[in-house]
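In: Generate coordinates for the sequence data below:
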Amino acid sequence: MAGGFFVRIARYLGAWTAIVILFAVQWYMHDAMYSQPWRVSDYVRWSMIEWYTWAALAPFVFWFASRHPIGWPLRLRVPGGHVIACAGFTLGAVVIGAFLAHVFEPGKPPFADQFRQYVSKHLAMDVLVYVLLATLAQASTLYRERLRREVDASRLQAELAQSRLQVLRMQLHPHFLFNTLHAASTLVRDDPTAAEDMLLRLSDLLRAYLDDPRQEAALADELEMIELYLGIQRVRFKDRLTTHVDATREAMASAVPNLILQPVVENAIQHGIGKHAGPDRVELDCYRDGDRLILDVRNFSSTLEGALPDRGIGLSNCRLRLQALYGDAAGIELAAMAEGGARCRLWLPFRAIAASNAA
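Out: Residues are numbered from 1 along each chain as shown. Okay, the predicted model is just below:
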């Protein structure tokens, strides 16, 4: 901490020393071209008195300018305050410079003579120096304020996006719970054992959903949840429904939105075996394609004629979540298959993530 402070002080003095040398060289070259120059040490001494005085005053100028920013529209009291401050700092620089010249100049010339010389030779320059320092302070203040507003805006935007995602995610819980409880209620009288098994699976599934606040999870975690859900549906439809899940090892480690597959699989079952007599098969394939992760959900008894089945809360919610998380890099597509049935394909950026121990 202290080391950083001394480094900043060294840099500050180094910058003013560069100005001292620059003006000393300029004054010496000017006199060498048009008259007989003085000794080099004289020019360095004069330049040091001039600019090290402003080095001492500059922090106070920065402090005043930062406390009295000039906004838009201009307010008379703020520019007026800067006019008074300019006069005060300029007079201070002249008085300090004249006093130092009285002390350090050979022969110790009278203070009054040095004061008159500084007024005649340095007053205009000192006014310009104050204006420049005040302008730098104003620019620095405006820059920091802009950065602060950008950070605040980014934070608020992130919080808004997170809240929206959380709302979308929570919308699925009552939707899914209602559908599953409805399925269980149809089995209570006809097959109490199957209904009990379904409710136990539902309990495990909801516990996993509600205990995981993450917006993203590893595909391996998501497939664990899907297997619980498919187990519930297999109990419900018995031998009529068969399922198959296939995922490459590489895909299993990819990040996916939490609870993204369940509404898609539910949609396939609802608009497949849920509306058509006879058996059905639901397949889920997950694999990497370049820099994208592909998630294919297929069933073989759905039809896409009439109202598209992706207009409900499930797939619409999926689209909104993918858009919020990944923008145009992700999407969802529903299409009919040539051999019959429908395929819902999700794609999103491939990004590795660690699987949860709770999966």
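In: need the helices for the stretch 151-300 of the chain, in chain order.
Out: With helices called from DSSP state H, counting those that start in this stretch, the stretch 151-300 of the chain shows them at 192-210, 219-237, 249-252, 261-270.
In: Now do the shortest one: which elements does it pack against?
Out: Under the contact criterion of 3 or more CB pairs under 8 Å, 6 or more residues apart in numbering; DSSP states H and E, helix 249-252 touches helix 219-237, strand 280-289. Where you see a C-beta, it was placed from the backbone N, CA and C, and this is true even at glycine.
In: In terms of pLDDT, where does the residue nearest to residue 181 when sequence neighbours are not counted sit?
Out: The shortest distance from residue 181 to any non-neighbouring residue, by CB to CB, 6 or more residues apart in numbering, is to residue 202 (7.5 Å). With respect to pLDDT, residue 202 scores 73.
In: okay, the helices of the stretch 151-300 of the chain, which one's buried deepest?
Out: helix 261-270 (a mean of 23; mean count of other CB atoms under 10 Å).
In: Give the residue spans of this protein that score low on pLDDT.
Out: The chain contains residues with pLDDT under 70 at 1-3, 71-78, 156-177, 179-180, 183-184, 186-187, 205-206, 208-214, 305-314, 355-359.
In: what about 80?
Out: Regions of the chain meeting the criterion pLDDT under 80 cover residues 1-5, 69-80, 152-215, 235-236, 259, 274, 302-317, 354-359.
In: mind checking how far the closest residue to residue 302 other than its chain neighbours is from residue 273?
Out: Nearest residue to residue 302, sequence neighbours excluded (CB to CB, 6+ apart): residue 342, at 4.0 Å. In this view, residue 342 and residue 273 are 12 Å apart by CB to CB, to the nearest Å.
In: Equivalent analysis for residue 300, please.
Out: 10 Å.
In: list the residues that contact both of the two?
Out: Residues within reach of residue 300 and of residue 273 at once, by CB atoms under 8 Å, 6 or more residues apart in numbering, are residue 280.
In: Counting neighbours, go ahead and name the busier of the two.
Out: Using other CB atoms under 10 Å, the more surrounded residue of residue 300 and residue 273 is residue 273, with 24 against 19.
In: give the contact list for the residue nearest to that one when sequence neighbours are not counted.
Out: For residue 273, ignoring the flanking residues on the chain, the nearest one in space by CB to CB, 6+ apart is residue 280 at 3.8 Å. By CB under 8 Å, 6+ apart, the residues touching residue 280 are 237, 240-242, 269, 272-273, 299-301.
In: Residue 94 too?
Out: Applying CB under 8 Å, 6+ apart, we find residue 94 in contact with 115, 118-119, 122-123, 126.
In: Centre-most residue in this protein?
Out: Central residue of the chain (CA atoms, centre = their mean): residue 154, 5.4 Å from the mean position.
In: State the distance from it to residue 303.
Out: 46 Å.
In: hey, where'd the strands end up in this protein?
Out: 216-218, 241-247, 255-257, 280-289, 292-299, 331-336, 342-349 (DSSP state E).
In: What's the separation between the closest residue to residue 108 other than its chain neighbours and residue 135?
Out: Nearest residue to residue 108, sequence neighbours excluded (CB to CB, 6+ apart): residue 102, at 6.2 Å. Distance, residue 102 to residue 135, by CB to CB: 32 Å.
In: quick one, which of the two is more surrounded?
Out: The residue with more neighbours, out of residue 102 and residue 135, is residue 102; 16 against 12, by other CB under 10 Å.
In: Lovely, talk soon.
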